[in-house]
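**Student:** How does the following fold in three dimensions:
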Amino acid sequence: MTEHHQYILSKAQQFCMYQERSLFELQSRLEEWQTQPKVAEKIIIQLIQEDYLNEERFARSFAIGKFRQKRWGKNKIIYALKLKKVPDLIIQIGLQEIDDIEYTETLLDLLKKKSKEIKETNHHKKNYKLASYAINKGFRSGLVWDVINQLV
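**Tutor:** Sure, this is the predicted structure:
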């Protein structure tokens, strides 16, 4: 491996150590660094073998992070992971990190807080606004309406 290739490998290792990355993110970064495709492929293989790059670990970390920190629902997490070209099976593995009870409790908490902010006096309009808010956060509409009906 040439000195330049070693330099790119080192940069890629640092990129992956800073935070978990998807394969797509690493490929995009290698393209930005104008890495030749064959060299990029070798670097990717080496980073996977050395466990710098692990898409399952990335999906798990991404899912739980977006859920706990940004309070995203599963639909929004799935969409974001698809944008990062994470395979569907790996996405489903990542979503397993989210506990169902914690998920429902988070939705309930979000809806209670949002309900206090909405000034709408018409009960049906207020519920619609609550549902729209939660669905936009990525929660499934059926679950959203079940939780809203519990609030009443």
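
**Student:** Give me the mean pLDDT for the helix ranked longest in the chain.
**Tutor:** Ordering each helix of the chain by length in residues (DSSP state H) puts helix 100-117 first. Mean pLDDT, helix 100-117: 96.

**Student:** immediately after it, which helix or strand?
**Tutor:** helix 123-136 (DSSP states H and E).

**Student:** buried sites along that next one?
**Tutor:** Within helix 123-136, the residues scored as buried using 16 or more other CB atoms under 10 Å are 126-127, 129-131, 133-135. Quick note: C-beta positions are derived from backbone N, CA and C, even for glycine.

**Student:** any idea of the angle that helix forms with helix 100-117?
**Tutor:** Per axes from the mean of the first three to the mean of the last three CA atoms, to 10 degrees, the angle that helix 123-136 makes with helix 100-117 is 130 degrees.

**Student:** for the helix or strand following helix 123-136, which positions count as buried?
**Tutor:** Counting by DSSP H and E, the next helix or strand C-terminal to helix 123-136 is helix 141-151. For helix 141-151, the neighbour count (16+ other CB under 10 Å) marks 143-144, 147-148 as buried.

**Student:** so who does the spatially closest residue to Trp33 that is not a sequence neighbour touch?
**Tutor:** Of all residues not flanking Trp33 in the chain, Ile8 sits nearest, at 6.0 Å (CB to CB, 6 or more residues apart in numbering). Contact analysis of Ile8 by CB atoms under 8 Å, 6 or more residues apart in numbering lists 30, 33, 35, 39, 43.

**Student:** Just the ones of those in helices?
**Tutor:** Per DSSP H, the contacts of Ile8 map to helices at 30, 39, 43.

**Student:** Pipe the residues you listed into a markdown table and attach pLDDT, neighbour count and distance to Leu23 per row.
**Tutor:** As requested, the ones in helices among the contacts of Ile8 are exported to a markdown table (pLDDT from 0 to 100; neighbours: other CB atoms under 10 Å; distance: CB to CB, whole Å):
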| residue | pLDDT | neighbour count | distance to Leu23 |
| --- | --- | --- | --- |
| Leu30 | 97 | 21 | 10 |
| Val39 | 95 | 16 | 16 |
| Ile43 | 97 | 26 | 12 |
